[in-house]
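Enquirer: Build me a structure from this.
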Amino acid sequence: MKIDFLCIGAHPDDCEIAMGGTIAKLSNQGYKVLILDLTNGEPTPKGSVEKRMKEAKKAAEILGVDRITLDLKNRFLFDSIEARFKVSQIIRKYKPEVIFCHLEIDAHPDHVQAHQISYASRFYAKLTKIPLEGESWYPKKIIRFFSNHLRINLTPSFVVDISDFLEKKIEACKAYESQFGSFQVEDYIKTFARYWGLLARTEYAEPFYNHEILKINPSTLLE
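Expert: Numbers count the residues shown, from 1 in each chain. Take a look at the predicted model:
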């Protein structure tokens with residue numbers, strides 16, 4: 001199956017927290033989106049593998065997308081040849097035009113390694129004479145989403161207006177009951193989205209970062 005967007009997170013819930021509104025918006029517009037979890041996210045204090053997978057499935061259904069979870073190790077995620085091959089194989093199989101991945105600056109070691117794996121795998125997927133199945137493929141863009149483990153102030157390359165999809169994002173994040181419990185996830189998500197929305201002159205938004213120059217349509221300048 002050919003897809004448009006591949007969202008790579010270290011753990012189930014990473015993509016939902018960082019860009020759940022954008023994922024819901026893309027899905028609503030008819031784009032094919034796949035979430036790829038590098039690990040199952042367990043163990044955690046109140047979770048289990050079975051519970052986390054059930055929550056991840058529910059969250060993906062809420063956002064209207066498919067999801068694949070690899071068997072790399074939570075807490076010990078590392079940019080290895082094995083990890084690169086596994087992700088590259090997914091890229092070759094589904095041929096995404098754009099990849100979203102973690103920002104390289106983060107307090108969570110798994111997130112940093114997930115960034116490195118994502119960037120390397122994008123390159124590996126296009127190589128010939130390499131032990132991977134299928135034809136080589138090189139996604140046009142790889143864009144980083146912002147994870148919230150490090151409290152730093154960064155200027156994003158752009159934001160996506162998620163005003164019409166904020167509630168969908170909150171619903172998807174709330175699916176992870178074992179991770180958030182009594183934590184006020186709704187207030188947390190709204191506060192961040194409102195901040196970026198104010199800067200972009202809209203109600204709610206999600207920030208993204210990109211190394212390469214992006215082109216835009218003239219109509220965007222009038223929004």
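Enquirer: And for the nearest residue to residue 120 once chain neighbours are set aside, the neighbour number?
Expert: Distances taken as C-beta to C-beta, 6 or more residues apart in numbering put residue 84 closest to residue 120, at 4.9 Å, once the chain neighbours are dropped. In short, each C-beta sits where N, CA and C put it, glycine included. Using other C-beta atoms under 10 Å, residue 84 is surrounded by 21 other residues.
Enquirer: Go ahead and confirm residue 84 touches residue 118.
Expert: No - applying C-beta atoms under 8 Å, one finds residue 84 not in contact with residue 118, separated by 9.4 Å.
Enquirer: can you give me the strands for the chain?
Expert: 5-9, 33-39, 66-72, 98-102, 141-145, 158-161, 205-209 (DSSP state E).
Enquirer: What distance do you get for the closest residue to residue 31 other than its chain neighbours to residue 97?
Expert: Setting aside the residues directly before and after it, residue 31 is nearest to residue 4 in space (C-beta to C-beta, 6+ apart), at 4.3 Å. Residue 4 sits 5 Å away from residue 97, taking C-beta to C-beta, to the nearest Å as the criterion.
Enquirer: Could I get the pLDDT score of the residue of the chain most remote from its centre?
Expert: Going by C-alpha atoms, centre = their mean, the residue of the chain most distant from its centre is residue 129, 29.5 Å out. You'll see residue 129 listed with a pLDDT of 94.
Enquirer: Got the phi and psi for it?
Expert: For residue 129, the backbone dihedrals (degrees, to the nearest 10) come out as phi 50, psi 50.
Enquirer: For it, give its distance to residue 217.
Expert: When residue 129 is compared with residue 217 (using C-beta to C-beta), they lie 39 Å apart.
Enquirer: Span of stretch 203-215 from start to end?
Expert: 24 Å (C-alpha to C-alpha, to the nearest Å).
Enquirer: Same question for that stretch: list its buried residues.
Expert: With burial defined by 16 or more other C-beta atoms under 10 Å, the residues of stretch 203-215 counted as buried are 204-209.
Enquirer: So what pairs up with the nearest residue to residue 26 once chain neighbours are set aside in the strands?
Expert: The shortest distance from residue 26 to any non-neighbouring residue, by C-beta to C-beta, 6+ apart, is to residue 33 (5.3 Å). Counting by DSSP bridges, residue 33 forms beta bridges with residue 5.
Enquirer: lowest-confidence helix or strand of the chain?
Expert: Sorting the helices and strands of the chain by mean pLDDT, DSSP states H and E puts helix 177-180 at the bottom, at a mean of 91.
Enquirer: packing partners for that helix?
Expert: Here helix 177-180 touches helix 49-63, going by 3 or more C-beta pairs under 8 Å, 6 or more residues apart in numbering; DSSP states H and E.
Enquirer: what angle do the helix it packs on and strand 33-39 make?
Expert: Put simply, helix 49-63 runs at 160 degrees to strand 33-39, going by axes from the mean of the first three to the mean of the last three C-alpha atoms, to 10 degrees.
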